[in-house]
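J.: sharing a model prediction with you, sequence too.
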Amino acid sequence: NAGVTQTPKFQVLKTGQSMTLQCAQDMNHEYMSWYRQDPGMGLRLIHYSVGAGITDQGEVPNGYNVSRSTTEDFPLRLLSAAPSQTSVYFCASRLTGPITTEAFFGQGTRLTVV
Amino acid sequence: DAKTTQPPSMDCAEGRAANLPCNHSTISGNEYVYWYRQIHSQGPQYIIHGLKNNETNEMASLIITEDRKSSTLILPHATLRDTAVYYCIVRALRTGANNLFFGTGTRLTVIP
């Protein structure tokens, strides 16, 4: 049971490049989400999904796309990277029943856009 | 979801109890208080949650005032590994998305 796995751990991109941050969970959680965390700040919600085929925008969705074709995977795509997207990205998952308690987070992807 | 207010930073001596306060004066009757922590830029970790009764688990205790407008997370015997940013979050338990929204939290430093 690996929990939430994010790849890569570190990435440097040039402005305008595209890339996909991977997130996978093996806990059969319906809910998955992506956050970004800038220095000295809390986490901000980018996109989330309550199940395969369902995605929605969070607080800061601009510049990012997501899809959810399987329960296990929730990739985050940067279509044209900008320096403002330099951040640490966290993926999280949990159950979505009425008793929703613990969210599990990955270890993060540290992205630098130059 | 109700807004929370936490002090930006606190210190605690190793081995002593760490008491982290959180104000949530606009909390609604169906909203729970959650605590997460983030150690050195790792992914946040769930600690505890409660509605109106005090709660305790292997990591911490949560004390919620009778009017539910504030709460305190207690780490009974703080260790150096408890140095982290602690987030107090208020949200209702309901089906569906029920997203977690993080503020800036309290940076707890445990001092040897």
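T.: Noted; the coordinates are in hand. Numbers count the residues shown, from 1 in each chain, chains lettered A, B, ... in the order given.
J.: and B:A97, what's its pLDDT?
T.: Here the pLDDT value assigned to B:A97 is 69.
J.: er, B:S41 I mean
T.: Among the per-residue scores, B:S41 shows a pLDDT of 80.
J.: regarding it, what is its secondary structure?
T.: Using DSSP: H, G, I helix; E, B strand; the rest coil, the structure places B:S41 in coil.
J.: spatially central residue for chain B, please.
T.: Computing the C-alpha centroid of chain B and ranking residues by C-alpha atoms, centre = their mean puts B:W35 first, at 3.3 Å.
J.: state the distance from A:M41 to chain B.
T.: Applying C-beta to the nearest C-beta, to the nearest Å, the value for A:M41 to chain B is 6 Å. Quick note: C-beta positions are derived from backbone N, CA and C, even for glycine.
J.: hmm, back to that, which residues touch the residue nearest to the centre of chain B?
T.: B:20, B:22, B:46-49, B:60, B:62, B:73, B:86-89 (C-beta atoms under 8 Å, 6 or more residues apart in numbering or on different chains).
J.: just those residues now: which is nearest chain A?
T.: Distance to chain A across the contacts of B:W35 (C-beta to the nearest C-beta) is lowest for B:Y46, with 4.1 Å.
J.: hang on, that closest one in a helix?
T.: No - going by three-state DSSP, the assignment for B:Y46 is strand, not a helix.
J.: what about the contacts of B:W35, which are in strands?
T.: B:L20, B:C22, B:Y46, B:I47, B:I48, B:H49, B:L62, B:L73, B:Y86, B:Y87, B:C88, B:I89 (DSSP state E).
J.: give the bridge partners for the closest residue to A:P8 other than its chain neighbours, please.
T.: In this structure, A:P8 finds its nearest non-sequential neighbour in A:T109, 6.1 Å apart by C-beta to C-beta, 6 or more residues apart in numbering or on different chains. Here A:T109 sits in beta bridges with A:Y89, as judged by DSSP bridges.
J.: pretty sure A:T109 contacts A:V12?
T.: No - A:T109 is beyond contact range of A:V12, at 11.5 Å (criterion: C-beta atoms under 8 Å).
J.: look at those two and report which has more neighbours.
T.: A:T109 (23 against 12; other C-beta atoms under 10 Å in any protein chain shown).
J.: so who does the more buried one touch?
T.: By C-beta under 8 Å, 6+ apart, the residues touching A:T109 are A:Q6, A:T7, A:P8, A:K9, A:F10, A:Q11, A:L21, A:V88, A:Y89, A:F90.
J.: redo these as CSV? Include pLDDT.
T.: Below are the contacts of A:T109 laid out as CSV (pLDDT from 0 to 100):
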residue, pLDDT
A:Q6, 98
A:T7, 97
A:P8, 97
A:K9, 96
A:F10, 97
A:Q11, 97
A:L21, 98
A:V88, 97
A:Y89, 98
A:F90, 98
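J.: of the residues you listed, just the buried ones, ChimeraX syntax please.
T.: Buried residues among the contacts of A:T109 (16 or more other C-beta atoms under 10 Å in any protein chain shown), as a ChimeraX selection:
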select /A:6,11,21,88,89,90
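J.: looking at the contacts of A:T109, which is nearest chain B?
T.: For the contacts of A:T109, the residue nearest chain B by C-beta to the nearest C-beta is A:F90; the value is 5.2 Å.
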